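Colleague: Sharing a model prediction with you, sequence too.
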Amino acid sequence: MTGKTLLSVQNLTMRFGGLTAIDNLSLNVPDQAITGIIGPNGAGKTTFFNCLTGFYKPTEGAVTLNHPTKGPIRLADLPSHKVAQTAQVVRTFQNIRLFAQMTVLENLVVAQHNALQKASMFSIAGLLRLPGYRKAADEAIERALSWLKRLNLMDIVNVPAGALPYGTQRRVEIARALCVNPLLLCLDEPAAGLNPKESAELNTLLLHLVQEEGVSILLIEHDMSVVMNVSDHICVLNYGRKIAEGTPAEIRVDPNVIKAYLGEDEDDQPVEKAS
């Protein structure tokens, strides 16, 4: 963790008619760190991600990415398809969205469609296999293979994604997101459906991405064995409002969090597993 703020969220509010899904949220997301976003179902976590990544335009407030070379970028000012390309804010979803019939390598190459489309001159250069397009295609394959190697997935390069175990598909989905060269990787419940062994492997992967690859991670997760073990910083939402923020140790004992989300055991002590 560098101590720098990568993403600044200021008074973010998202309303849908009379429903306020995010209510005056302010949050600083540190650079090269893992920030966990937790809260009960309906707390506004995925809506928050949708505001960051261009799916929704916030009703009020601002979300600013402090890009190391481009300077501050207000994400709401970008068209949704430009958020990943321009601001390098990339996300995964709760439900796996791999192309099941494509190989793992093909899935990672498809993720780089913006660069390939530009190089193809919107099909002409691609159809004619002009040198500029061939170079871009080779670079896309090289980038995909690089991430597969770094994530120890080279043995499944040519396997159809739909034929893989669920936990492996999750890793492939993260590898695909990394091919877009994210500064901020937003993971929406990456441990959903994983068994304890796979969750532990996910923990190792996330720590590797931050410590060795320099990626910053914003993590929505219900699995407390993941959140508490990998997060540097946690923000807790309830009914769209921030009710707590701090280190995992601070969040574990925060009475508002225990009441709203983590629950209490028979001795009124905080537990690490969500119900």
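Modeller: Good, I have the coordinates.
Colleague: Name the surrounding residues that touch stretch 230-246.
Modeller: Residues outside stretch 230-246 that contact it (CB atoms under 8 Å, 6 or more residues apart in numbering): 1, 14, 20-27, 29-30, 33-40, 42-45, 47-48, 203, 206-207, 219, 227, 247-248, 250-251, 254, 256-257, 260-261. (C-beta placed from N, C-alpha, C; glycine too.)
Colleague: which residues in the stretch 1-150 of the chain form strands?
Modeller: 5-16, 19-30, 34-38, 60-67, 71-74, 89-91 (DSSP state E, counting those that start in this stretch).
Colleague: quick one, helices of the stretch 1-150 of the chain?
Modeller: In the stretch 1-150 of the chain, the helices defined using DSSP state H, counting those that start in this stretch lie at 45-52, 104-110, 113-119, 124-128, 131-150.
Colleague: If I average pLDDT within each of the ones you listed, which one is lowest?
Modeller: Per-segment mean pLDDT for those reaches its minimum on helix 124-128, at a mean of 48.
Colleague: re the thing from before, put together CSV for the strands of the stretch 1-150 of the chain, with mean pLDDT, distance to Leu151 and mean neighbour count on each row.
Modeller: Listed next are the strands of the stretch 1-150 of the chain as CSV, based on pLDDT from 0 to 100; distance: least, CB to CB, whole Å; neighbours: other CB atoms under 10 Å:
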stretch, mean pLDDT, distance to Leu151, mean neighbour count
strand 5-16, 97, 22, 18
strand 19-30, 96, 23, 18
strand 34-38, 96, 17, 25
strand 60-67, 96, 25, 18
strand 71-74, 96, 28, 12
strand 89-91, 94, 15, 24
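Colleague: ok, what's across the strand from the residue nearest the centre of the chain?
Modeller: In the chain, the C-alpha nearest the mean C-alpha coordinate belongs to Cys186, at 1.6 Å (CA atoms, centre = their mean). Bridge pairing for Cys186 (DSSP bridges) gives the partners Arg91, Leu218.
Colleague: per-residue confidence for it?
Modeller: 96.
Colleague: so who does it touch?
Modeller: So Cys186 contacts Phe49, Leu52, Thr53, Val89, Val90, Arg91, Thr92, Ile217, Leu218, Ile220 (CB under 8 Å, 6+ apart).
Colleague: give me that answer again for 7 Å
Modeller: Residues counted as contacts of Cys186 (CB atoms under 7 Å, 6 or more residues apart in numbering) are Phe49, Leu52, Thr53, Val89, Val90, Arg91, Leu218.
Colleague: quick one, domains of this structure?
Modeller: Domain ranges of the chain: 1-88+181-275, 97-168, per automatic domain parsing.
Colleague: Out of those, which is the most enclosed?
Modeller: Ranked by mean neighbour count under mean count of other CB atoms under 10 Å, the domains of the chain are led by domain 1-88+181-275, which reaches a mean of 18.
Colleague: phi, psi of Leu237?
Modeller: phi -110, psi 150 (degrees, to the nearest 10).
Colleague: does it have beta-bridge partners, and which?
Modeller: Going by DSSP bridges, Leu237 forms beta bridges with Lys242.
Colleague: where's it relative to Leu184, distance?
Modeller: 18 Å (CB to CB, to the nearest Å).
Colleague: Assess the claim that Val63 and Met14 are in contact.
Modeller: No. The criterion here is CB atoms under 7 Å, and Val63 misses it with Met14 at 10.8 Å.
Colleague: any common contacting residues for these two?
Modeller: Common neighbours of Val63 and Met14 (CB under 7 Å, 6+ apart) are Cys51.
Colleague: To Ala175, which of the domains of the chain lies closest?
Modeller: Nearest to Ala175 among the domains of the chain is domain 97-168 (4.8 Å), distances taken as CB to CB.
Colleague: for the closest one, how far is the first residue from the last?
Modeller: 13 Å (CA to CA, to the nearest Å).
Colleague: residues in contact with Thr86?
Modeller: Contacts of Thr86 by CB under 7 Å, 6+ apart are Ile73, Leu78.
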